[in-house]
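*Asks:* here are the coordinates; sequence isn't available:
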C-alpha cells in the first residue's frame, strides 16, 4: 500500500487546528509539534508545518472532492461564515463540476467540488 502526504507551510498551527480540524472536520493523524497531519478520509493526508519554506500562497490549490451535491453545499454554507474568502458556488460546464473556492488563514486556495459525470 502507498499513501501520500502533501505538506504546506503555515504560520499558525492553532489556526490550522481550528480550520482543518474543527471547520472542515478532518481527523488529526499526527501531531509532530511543528507539523500537523490530517487524514483525508482514506484518500491520502495533508500536512501543515511551521518550518517549511513557503512559495507564494496561490501557487497551488487543495481540492476536496465530494460525491454528492448536498455535501458541497453544506461545506459552502459552513465556510461562508468561517473562512476568510469564499467564492460563489456554481456549475463549471467546461470541466463538468459543481464547485466553489475558499481561502484558508495562510492564504492557500481550497476548492470544494463534485464531478457531474
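*Replies:* Structure's in. What do you need? Everything numeric here is computed off the predicted structure, so don't read it as measured data.
*Asks:* Could you give the number of residues near the residue lying closest to residue 87 once chain neighbours are set aside?
*Replies:* For residue 87, ignoring the flanking residues on the chain, the nearest one in space by C-beta to C-beta, 6 or more residues apart in numbering is residue 101 at 4.4 Å. All C-beta atoms are positioned from the backbone trio N, CA, C, and that covers glycine. When neighbours are counted by other C-beta atoms under 10 Å, residue 101 registers 18.
*Asks:* Please tell me how far residue 101 sits from residue 63.
*Replies:* 10 Å (C-beta to C-beta, to the nearest Å).
*Asks:* Give me the common contacts of the two.
*Replies:* Any residue near both residue 101 and residue 63 by C-beta atoms under 8 Å, 6 or more residues apart in numbering counts here, and that gives 110, 111, 112.
*Asks:* what about the second one, neighbour count?
*Replies:* The reference is to residue 111. 15.
*Asks:* if I pick it, what's in contact with it?
*Replies:* Listed by C-beta under 8 Å, 6+ apart, the contact set of residue 111 reads 61, 62, 63, 64, 99, 100, 101, 102.
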